[in-house]
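J.: fold the following, please.
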Amino acid sequence: MTAAHATPPVVLSVAGTDSGGAAGTAADLTTFAALGTHGACVVTAVTAQDTTGVRDVHPVPLTSVAAQLDAVLEDLPVAAAKTGMLGSAAVVRLVAERLGGHRLVVDPVLVATSGAVLGGADVARAYVEHLLPVATVATPNAEEAAALLGRDGPPGDLAAALADLGCAVVVTGGPDADTAGETCTDWLALPGRAARALRHPALATTNDHGTGCTFSAALAAGLAHGPDHPGDLEAAVARAGAHTVAALHRSRRWQLGRGRGPVAHTFPEPIPTP
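T.: The predicted structure is shown next:
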């Protein structure tokens, strides 16, 4: 069997929908496909949102989230999973129970780009007490990391403090002031170790809705292909970052929506015919 026809690894997204197609399950499933994995999904909330903001959030009942998880896990060989918006402490605890032991990327979505609150203090506490200790890696931005810890601080220090909960942590960052915005710095910390700076080129664009989802989904897809040790994790983080930057390049001149446009989820090249 050729590589093109081999059975792909399965990656599971546990997240909310985005009616504008930029973030959430839309970003996750398209990223999984672009990186050669089969995407499954568990919907935790249905949102009404576009490029200008979130208009409404309808949480999916806990019993339905549990039923979706059971349906996927009892049928498909999930190689990795990632979480996005979970919305309630009960769902956070459920996901920790069902997906602990899997390669698991936790993107702790607490506040939308527009400022809409998608998870309160009880949700942040559930992440810290239940989900992060069983995760493989967490990918908060600096604001989310501070919310999880209940304090501000340099991104590297926040990453190291969160890693002490038991999982690797990548605190993602925006353009660096000391390089005139030409680079961005992410901070990777492993449990018990100081954080390492991972710098990459910055890209000036307003089409960045879904960037965090795309990065964490790309990281989950990379883990699904096999990395298990710290060196592999760092390489997977680098590949996920490169994929996200390439997606931002593809969408930087798009004109979609009246607000912050979507990051590209298009395939860079036509899919070859069999």
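J.: got the contact list for the most centrally placed residue in the chain?
T.: Nearest to the geometric centre of the chain sits residue 216, at 2.9 Å (Cα atoms, centre = their mean). Residues in contact with residue 216 (Cβ atoms under 8 Å, 6 or more residues apart in numbering) are 82, 84, 105, 107, 139, 240. Placement of C-beta: from N, CA and C, glycine included.
J.: these two touch, right, the first one and residue 27?
T.: When you say that, I think you mean residue 82. No. Residue 82 is beyond contact range of residue 27, at 10.4 Å (criterion: Cβ atoms under 8 Å).
J.: shared neighbours, the two?
T.: Listed as contacting both residue 82 and residue 27 by Cβ under 8 Å, 6+ apart are residue 217.
J.: and which of the contacts of residue 216 is nearest to residue 52?
T.: Nearest to residue 52 among the contacts of residue 216 is residue 84, at 19.8 Å by Cβ to Cβ.
J.: contact partners for residue 16?
T.: Residue 16 neighbours (Cβ under 8 Å, 6+ apart): 24-25, 43-47, 57, 84-85, 87, 109, 118.
J.: same question, residue 87
T.: 16, 44, 45, 57, 59, 118, 119, 123.
J.: how far away is it from residue 124?
T.: With distances taken as Cβ to Cβ, to the nearest Å, residue 87 is found 12 Å from residue 124.
J.: just residue 155 next, same as before
T.: In terms of Cβ to Cβ, residue 155 sits 17 Å off from residue 124.
J.: mind listing what's buried along the longest strand along the chain?
T.: Taking DSSP state E as the criterion, the chain has its longest strand at strand 38-50. Using 16 or more other Cβ atoms under 10 Å as the test for burial, strand 38-50 gives 38, 39, 40, 41, 42, 43, 44, 45, 47, 49, 50.
J.: low-confidence stretches in the stretch 1-150 of the chain?
T.: Along the stretch 1-150 of the chain, segments meeting pLDDT under 70 span 1-4, 112-117.
J.: if we can go back for a sec, would the residue nearest to the centre of the chain count as being in a helix?
T.: Yes. Per DSSP: H, G, I helix; E, B strand; the rest coil, residue 216 lies within a helix segment.
J.: and the closest residue to it other than its chain neighbours, how many neighbours?
T.: Closest residue in space to residue 216, ignoring its immediate chain neighbours: residue 107 at 3.9 Å, by Cβ to Cβ, 6 or more residues apart in numbering. Neighbours of residue 107 under the rule other Cβ atoms under 10 Å: 27.
J.: was I right to think residue 137 contacts residue 219?
T.: Yes. Residue 137 is within contact range of residue 219, at 6.8 Å (criterion: Cβ under 8 Å).
J.: show me where the stretch 101-250 of the chain has strands.
T.: 104-106, 137-138, 168-171, 183-189, 196-201 (DSSP state E, counting those that start in this stretch).
J.: save the ones you listed as JSON lines, and put in distance to residue 259 too.
T.: JSON lines is the format used below for the strands of the stretch 101-250 of the chain (distance: least, Cβ to Cβ, whole Å):
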{"stretch": "strand 104-106", "distance to residue 259": "27"}
{"stretch": "strand 137-138", "distance to residue 259": "27"}
{"stretch": "strand 168-171", "distance to residue 259": "25"}
{"stretch": "strand 183-189", "distance to residue 259": "22"}
{"stretch": "strand 196-201", "distance to residue 259": "24"}
